[in-house]
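Enquirer: no sequence for this one, just the structure:
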């Protein structure tokens, strides 16, 4: 900041004249040639660029062998996505072989999900649920609706067991057996 010699008003370093009285400032090489507003704007731009760069760096995925809240929430999101996808497949009026294949692929993908030891019971419940959903679709295609109803009941039991295991794990975190 510069101080006017005539009216003693403080002004920006980049100003060439006093805003109050209009007196011209003499050039001082010791005073920074940049104004405070330019310095503040450049600092904000540097901070913004560094924030964008920091957010663009991908985070390290959670360790699948460690039982943490992140791994439980991740597994819960995965299981809810499977639930929504399979429910949408079963809602169709006619189930084709492509949907049956997609249901079997979903089960096989669920078997390959890496989870910590504390989530193994929940993972087995998810796999069993997806297996029962596959049989619901198969029985519906064949027209065997009694078998489909039985598989629906079993799928509901497995889904409830999965949610029960997830709530148990959430209560014992971070020291789950």
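Expert: That came through fine. Here the structure is a predicted model, which is why all the values come from computation and not from measurement. Residues are numbered from 1 along each chain as shown.
Enquirer: Would you map the strands across the protein?
Expert: Per DSSP state E, the chain carries strands over the ranges 2-3, 10-11.
Enquirer: which of those strands has the lowest average pLDDT?
Expert: Comparing mean pLDDT across the strands of the chain, the weakest is strand 2-3, with a mean of 74.
Enquirer: Now do it: which elements does it pack against?
Expert: Here strand 2-3 touches strand 10-11, going by 3 or more CB pairs under 8 Å, 6 or more residues apart in numbering; DSSP states H and E. C-betas here are computed from N, CA, C, even on glycine.
Enquirer: What strands flank the strand it packs on, and is each parallel or antiparallel?
Expert: The pairing partners recorded for strand 10-11 under DSSP bridges are strand 2-3 (antiparallel).
Enquirer: I'd say residue 95 and residue 142 touch.
Expert: No. Between residue 95 and residue 142 there is no contact under CB atoms under 8 Å: 10.4 Å.
Enquirer: How far does the longest helix seen in the chain sit from its chain's centre?
Expert: Ranked by number of residues, the top helix in the chain under DSSP state H is helix 145-172. Here the centre of helix 145-172 is set off from its chain's centre by 25 Å, with CA atoms, centre = their mean, to the nearest Å.
Enquirer: With stretch 18-26 instead?
Expert: Relative to the chain's own centre, stretch 18-26 is displaced by 55 Å; criterion: CA atoms, centre = their mean.
Enquirer: any residues touching that stretch, and which ones?
Expert: Contacts with stretch 18-26, where a contact means CB atoms under 8 Å, 6 or more residues apart in numbering, come from 2, 4-7, 9, 11, 15-17.
Enquirer: If we use 10 Å, what do you get?
Expert: 2-13, 15-17, 31 (CB atoms under 10 Å, 6 or more residues apart in numbering).
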